[in-house]
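[1] Fold the following.
(2 chains)
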Amino acid sequence: MDFLLDDEQQALADAVRGLLKGYDAEKRRTVTEDDPGFDEEMWKKLADMGVLGLPYPEDVGGSGAGPVEVAVVAEELGKVTAPEPFVEAVVFAGGLIAACGTAEQKQEHLAAISDGSVLPAVAWHAPDGSGEGVTVNDDGTLSGTKEPVLNGARADLLVVLAGGRLFLVSGADVDSHGSRTSYRTVDGLRAAEVVFDQTPATPLGDGSDMSESFRTIAAIARIAYGHEALGLMDTALRLTTSYLTTRKQFGVTLNTFQALTFRAADMYTSLELTRSIVTWATMVLADSSSTPAKVREAAFRSKLQVSKAGRHIGQEAIQLHGGIGMTMEYAVGHITARLTAIDHTLGDGRDMVAALSTSLTDHGVVEPLP
Amino acid sequence: MKLSLTEEEQAFREEMRTFFTTKIPKELRERGATEEGESFKDAVVTTQRILNEAGYAVPNWPTEWGGQDWTPLQKHIWHEEMQLANVIPPLAFNANMIGPVIANFGSEEMKEKFLAKTANMDIWWCQGFSEPNAGSDLASLTTKAVKDGDDWVINGQKTWTTLGQYADWIFCLCRTDPEVKKQAGISMILIPMDAEGVTLRPIQLIDGGHEVNEVFFEDVRVPAENLVGEENQGWTYAKFLLGNERVGVAPVGATKRNLALVKETAAAGSSDGGIDDPLLAARIVELENELLALELTALRVVANSTDGKPHPASSVLKLKGTELQQAVSELAVDVYGTSSLASGARDTGVPLAAALAGPTYLNLRKASIYGGSNEVQRQIIAGTILGL
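    All right, here's what the predicted structure looks like:
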């Protein structure tokens, strides 16, 4: 058993960190001011580094890396609150194509995602949160509305969930047979209302029901989000302790007050517990003996902890900073906003509790090891 | 990164599981948490002697004194499997506290005299640290030891002496130099509980049980050789000992086991709270998840701390471990509901587990106080880890 990165994984972390150097609150603020809500140049640099094709097989243009490498990238992006949609596009949207697509579809799209020429997005959520929002017409076109579709207006390719099946729809086809309305999300990024109106669509894979695969890839995205959130929380605590040791009030630095340092200690506890469970979920995913059911359970468990700790650390980071934590100029507010968005993407803590409740009596104790 | 145990580690886990579930008699593993008296003493001694015979009582000691050349992960597995099998663990005062101190700092004569008997429970030790005015601020203790010829003469009072009523010996922190900085004037002295001038007075706790005591010393004389290590070095030994006390103080396996038992009861529908209540189910889910995070943190600490330095995350183990231990005991009282009022019921309609739930809940309030209170743990995290 080993919870540490190997040398190559550490080198990947260092390389990504080097690339993201200079990403601070001010840069994020500038970048997210305009559409598409992330830095296209940075996206291209990530592509050049091979990051965008990390989890895909080499024969379709990817690097054939495993879940640990994906985790490393997500965590580094989280540490600097980078707005680039790595988990959304590479892990979730691309992951669905890699898991469900035909050989031709994988060949065509995964190489394009890897080199940064195509940005994919998943359209899974109906505007009011109930049902699927989109139906398949007799002629195979799609009609209905998905919202919020993360990066939905910028996306070149949409993976659409309808009737338990998945469809590929080009962004251009939506614009000619439907519409896309872009807006800011709670964390300053972009999402869109995507209206389909007899929009041409290609079934992903053989056109059969893909619910099972969708659940598994959603689980893998939840696990990757856990690492991004871990990076965010790590930085939130680091900024908070640094602030407590430098900010002076009543003539002394704030770390003189035990009421504050004890709260920072509790943030550390939350962070380390989260690090353990998030890392474990990736190890479950990477373990060849893990069934899809086991991976989904690990994802529920990871996201439940991320939800609780993200709220705790995000809220406390702002409170311990005081007024400055409320401002767009300062990083902790961005971090808390992003943690809030991650919490409510693909199910929040309460949803995870509900999912885990259904299997509560299947086991006596929870066994973390295979 | 790798999740699984090696084949050797898996075999080791199996070996431990088999040993604990087959070699320790069932009746020794099915005891109520609050039982006391001679039968309790016998159970503790008998269990530890079975463990000791197999070499499993004091694995953390140096190998020449009965310890095992195990990796931190193996020690963790030993400890977890022991808890999962509900085995009474080796007495902490012997196995985790005075034993390692004597093995590391005692003279050869002292090691010969005490270590084997300490491992085998031929001697039952208790701890003379806390005093009425020295709790979390332990170094301000005032129990005095004065050299008189070849003897030490001890006067003062200790308190919170856990299980002192069964003890043969007490290891005592005494002030031997009142003139220097408080930490620099403390020595550790071993005192027989039947020495003249030693008086033990029980303290009754809120669960109705007798677990801790006050111990009074009035002109108690012990020979000079009873000094552990060097004079005025007691604080160093105490810190070493308390470091050991905190290791393994996160009772993950036992808490998991208790939570599984409460869940089983709630699922059987034989209690006030049933698992079909979504609010109760949600509480169990959340506790299971927090326990998982804690267990994984413990595994992280043991899997990646081979250089002998404590892993920074280890300080959260005591803090979170005791919080979860308490939370599960609270859940048990809630599940048993009104039946839990019947704490004195034995062989009536109320099940024993329901009768024990309330006293256990009250008793476990101690967990966040002993072994360095959880506020002391927060102080350590804030100061040592976060640099605040």
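[2] what ranges do the helices span in the stretch 201-350 of chain A?
    A:211-246, A:258-286, A:292-321, A:331-343, A:349-357 (DSSP state H, counting those that start in this stretch).
[3] if we compare the ones you listed, which one ends up closest to B:L364?
    With Cβ to Cβ, the closest approach to B:L364 among the helices of the stretch 201-350 of chain A belongs to helix A:258-286: 19.3 Å. C-betas here are computed from N, CA, C, even on glycine.
[4] about what we covered before: for the helices of the stretch 201-350 of chain A, give me TSV that also has distance to chain B and mean pLDDT.
    What follows is those, written out as TSV (distance: least, Cβ to the nearest Cβ, whole Å; pLDDT from 0 to 100):
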stretch	distance to chain B	mean pLDDT
helix A:211-246	5	98
helix A:258-286	4	98
helix A:292-321	5	98
helix A:331-343	15	98
helix A:349-357	5	97
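[5] Quick one: closest of those helices to A:K79.
    Of those, nearest to A:K79 by Cβ to Cβ is helix A:211-246, at 3.9 Å.
[6] can you put the helices of the stretch 201-350 of chain A in CSV and add mean neighbour count?
    Below are those laid out as CSV (neighbours: other Cβ atoms under 10 Å in any protein chain shown):
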stretch, mean neighbour count
helix A:211-246, 23
helix A:258-286, 23
helix A:292-321, 23
helix A:331-343, 23
helix A:349-357, 18
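[7] By proximity to chain A, which residue of the stretch 1-150 of chain B wins?
    At 3.9 Å from chain A, B:L3 is the closest residue in the stretch 1-150 of chain B, using Cβ to the nearest Cβ.
[8] Tell me, how many residues neighbour that residue?
    22 (other Cβ atoms under 10 Å in any protein chain shown).
[9] any idea how far it lies from A:L232?
    B:L3 sits 24 Å away from A:L232, going by Cβ to Cβ, to the nearest Å.
[10] list the contacts for the spatially closest residue to A:I220 that is not a sequence neighbour?
    Nearest residue to A:I220 in three dimensions, chain neighbours excluded: A:G95, at 5.9 Å (Cβ to Cβ, 6 or more residues apart in numbering or on different chains). By Cβ atoms under 8 Å, 6 or more residues apart in numbering or on different chains, the contact list for A:G95 reads A:P55, A:I217, A:I220, A:A221.
[11] Sticking with A:G95, tell me its helix or strand.
    Using DSSP states H and E, A:G95 falls within helix A:94-100.
[12] cool, A:E132 as well?
    Per DSSP H and E, there is no helix or strand for A:E132.
[13] so who does it touch?
    A:A126, A:G144, A:L161, A:A162, A:G163 are the contacts of A:E132 under Cβ under 8 Å, 6+ apart.
[14] Pull the contacting residues for the second one.
    Read it as A:G144. A:A126, A:E132, A:G133, A:V134, A:T135, A:A162, A:V195, A:F196.
[15] hang on, the earlier thing: show the contacting residues for the residue lying closest to the residue of the stretch 1-150 of chain B closest to chain A once chain neighbours are set aside.
    Once flanking residues are discounted, B:L3 sits nearest to A:M283: 3.9 Å by Cβ to Cβ, 6+ apart. The contact partners of A:M283, taken as Cβ under 8 Å, 6+ apart, are A:F3, A:V68, B:M1, B:K2, B:L3.
[16] Strands - which of those land there?
    Judged by DSSP state E, those include no members of strands.
[17] Any quick PyMOL command for the buried ones out of those?
    In PyMOL syntax, the buried subset of those is picked out as below (16 or more other Cβ atoms under 10 Å in any protein chain shown):
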select buried, (chain A and resi 3+68) or (chain B and resi 1+3)
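[18] From the contacts of A:M283, pick the one nearest B:G67.
    Nearest member of these to B:G67, counting by Cβ to Cβ, is A:F3, at 26.0 Å.
[19] ranges for the strands of the stretch 1-150 of chain B?
    Here the stretch 1-150 of chain B has its strands, by DSSP state E, counting those that start in this stretch, at B:125-128, B:144-148.
[20] before we move on, back to that, among the contacts of A:G144, which ones are buried?
    A:A126, A:E132, A:G133, A:V134, A:A162, A:V195, A:F196.
[21] and which of the contacts of A:E132 is nearest to B:A103?
    Nearest to B:A103 out of the contacts of A:E132 is A:L161 (Cβ to Cβ; 63.8 Å).
[22] The closest one belongs to a strand?
    Yes. Under DSSP: H, G, I helix; E, B strand; the rest coil, A:L161 falls within a strand.
[23] Can you report how many residues lie near the closest residue to it other than its chain neighbours?
    Computed as Cβ to Cβ, 6+ apart, the closest residue to A:L161 that is not its neighbour in sequence is A:W124, at 4.4 Å. By other Cβ under 10 Å, 21 other residues sit near A:W124.
[24] how close does A:W124 get to A:G152?
    11 Å.
[25] Need the residues touching each of these two.
    Shared contacts of A:W124 and A:G152, counting by Cβ under 8 Å, 6+ apart, come down to A:K146.
[26] Show me the contact partners of stretch B:49-69.
    B:16, B:19, B:23-24, B:48, B:70, B:74-75, B:78, B:87, B:90, B:94-96, B:99-100, B:103-104, B:111, B:115-116, B:119-121, B:244.
[27] list the buried ones in it?
    Taking 16+ other Cβ under 10 Å as the criterion, stretch B:49-69 shows B:I50, B:L51, B:N52, B:Y56, B:A57, B:V58, B:P59, B:N60, B:W61, B:W65, B:G66, B:G67 as buried.
[28] For the residue lying farthest from the centre of chain A, report the pLDDT, please.
    Centroid-distance maximum for chain A: A:G251 at 42.4 Å, with Cα atoms, centre = their mean. Turning to A:G251, the model gives it a pLDDT of 97.
[29] if we can go back for a sec, pretty sure the residue nearest to A:L161 is touching A:K146, no?
    Yes. Taking Cβ atoms under 8 Å as the definition, A:W124 is a contact partner of A:K146 at 7.1 Å.
[30] Overlap of the contact sets of these two?
    A:V160.
[31] Could you tell me which other helices and strands the longest helix seen in chain B packs against?
    As assigned by DSSP state H, the longest helix anywhere in chain B is helix B:278-303. Judged by 3 or more Cβ pairs under 8 Å, 6 or more residues apart in numbering or on different chains; DSSP states H and E, the packing partners of helix B:278-303 are helix A:258-286, helix A:292-321, helix A:349-357, helix B:72-84, helix B:252-268, helix B:315-336.
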